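Novice: Okay, structure incoming, though there's no sequence with it:
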């Protein structure tokens, strides 16, 4: 069913697209402009351009067509939920679970699981309803899921503004020196191996901060905070400074005792969009990483 909004401008001077996007409509300015171009938004009954300046008392009507079905099938995949309210949920993604469907992975993903638990998301816009950020398939740990398009827009904005704290536990080969540091190095597609990422001057800005949590004889356990969300960022950055991630077949070093890449989303902190409350969560290492780690000296 289409959704309709009827708004009245309390004051004048704002561009129409900015006015609507700022009215807690759950619509981005880009989405508003697309609706205007499609004739779905009128001012005082007439069609206008996105740059139209609203005047005090203007009546703005917005028709939001129902999105086409996503085609993603809900699947009753076991899901560990640490927290949920009417707006969002925080879950622990296990290693081996892909975040969302992609070529070669049409089902059996986290998105299939959350559509089963939160069927209202089937009506959300886009092909990844509820998904605000992602973890690599073989990375475990904390993720926040939006239960409405308004919440998704608000959380996405927090990620964009770098207001979300994301800290990972990572085991690397070697003794990391100094014991704390920041890696500022742009990341883009590898110039030759196009399925891989690499530090490159033509890439996008990427920033990571690390702190040594514990030294072992041949390894170092780090806590890594990322300020940007580039593909494979942690693995690429640490490899670039000479400390490859243990168990990572692509950028790091293979391991006989760790079954997969040692990257775990350990802490997550953000603002609840509706209440403004600060929510913070911690996830301990899962057994497949914790058990072999306990045997290191």
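Specialist: It's in. In this text, all values refer to a predicted model and were calculated from it rather than measured experimentally. Numbers count the residues shown, from 1 in each chain.
Novice: And the residue nearest to residue 188 when sequence neighbours are not counted, how far from residue 214?
Specialist: When the adjacent residues along the chain are set aside, residue 188 lies closest to residue 203, with 2.8 Å between them (C-beta to C-beta, 6 or more residues apart in numbering). (Glycine included, C-beta is placed from N, CA and C.) With distances defined as C-beta to C-beta, to the nearest Å, the gap from residue 203 to residue 214 amounts to 31 Å.
Novice: Tell me which of those two has more neighbours.
Specialist: Taking residue 203 and residue 214 together and counting by other C-beta atoms under 10 Å, residue 203 has the greater number of neighbours (17 against 12).
Novice: got the contact list for the residue nearest to residue 188?
Specialist: Listed by C-beta atoms under 8 Å, 6 or more residues apart in numbering, the contact partners of residue 203 are 186-189, 197, 230.
Novice: and if we set it to 10 Å?
Specialist: 185-190, 197, 230, 236 (C-beta atoms under 10 Å, 6 or more residues apart in numbering).
Novice: Helix, strand or coil: sort out residue 114 for me.
Specialist: helix (DSSP: H, G, I helix; E, B strand; the rest coil).
Novice: Then residue 31?
Specialist: Three-state call for residue 31 (three-state DSSP): helix.
Novice: Counting by contacts, list what the helix or strand bottoming out on mean pLDDT in the chain packs against.
Specialist: Comparing helices and strands within the chain by mean pLDDT, DSSP states H and E singles out helix 29-37 as the least confident, with a mean of 80. When contacts are defined as 3 or more C-beta pairs under 10 Å, 6 or more residues apart in numbering; DSSP states H and E, helix 29-37 packs onto helix 16-21, strand 41-43, strand 59-64.
Novice: Compute the inter-axis angle for it and strand 59-64.
Specialist: Orientation note: helix 29-37 sits at an angle of 100 degrees relative to strand 59-64 (axes from the mean of the first three to the mean of the last three C-alpha atoms, to 10 degrees).
Novice: and helix 29-37, how far from the chain's centre?
Specialist: Centroid separation for helix 29-37 versus its chain: 23 Å, with C-alpha atoms, centre = their mean, to the nearest Å.
Novice: What residues of that helix count as buried?
Specialist: 29, 31-33, 35-36 (16 or more other C-beta atoms under 10 Å).
Novice: wait, which of those is closest to residue 83?
Specialist: Nearest to residue 83 among the buried residues of helix 29-37, counting by C-beta to C-beta, is residue 31 at 28.3 Å.
Novice: And the closest one, how far from residue 272?
Specialist: 23 Å.
Novice: Kindly report the same for residue 88.
Specialist: According to C-beta to C-beta, residue 88 and residue 272 sit 7 Å apart.
Novice: any common contacting residues for these two?
Specialist: Shared between the contact lists of residue 88 and residue 272 (criterion: C-beta under 10 Å, 6+ apart) are residues 144, 151, 154-155, 279.
Novice: shaky segments in this protein?
Specialist: Within the chain, the stretches with pLDDT under 70 are 1-2, 24-25, 66-71, 123-127.
Novice: Distance check, the residue most central in space within it against residue 143.
Specialist: To find the centre residue of the chain, average its C-alpha atoms and take the closest one (C-alpha atoms, centre = their mean): that gives residue 133, at 1.1 Å. Using C-beta to C-beta, we find residue 133 at a distance of 7 Å from residue 143.
Novice: overlap in contacts of those two?
Specialist: Between them, residue 133 and residue 143 share the neighbouring residues 99, 166, 265, 268, with contact defined by C-beta under 10 Å, 6+ apart.
Novice: quick one: secondary structure of the second one?
Specialist: I take that to be residue 166. Classification of residue 166 into helix, strand or coil gives strand, according to three-state DSSP.
Novice: from memory it sits against residue 227, does it?
Specialist: Yes: between residue 166 and residue 227 there is a contact under C-beta atoms under 10 Å: 8.6 Å.
Novice: more neighbours, those two?
Specialist: More neighbours sit around residue 166 than around the other of residue 166 and residue 227, counting by other C-beta under 10 Å; the figures are 23 against 16.
Novice: Quick one: residues contacting the nearest residue to the more buried one once chain neighbours are set aside.
Specialist: The shortest distance from residue 166 to any residue that is not its chain neighbour, by C-beta to C-beta, 6+ apart, is 5.6 Å, and that residue is residue 226. In this structure, residue 226 makes contact with 162, 164-168, 183, 206-210, 233-234, 237, 265, judged by C-beta under 10 Å, 6+ apart.
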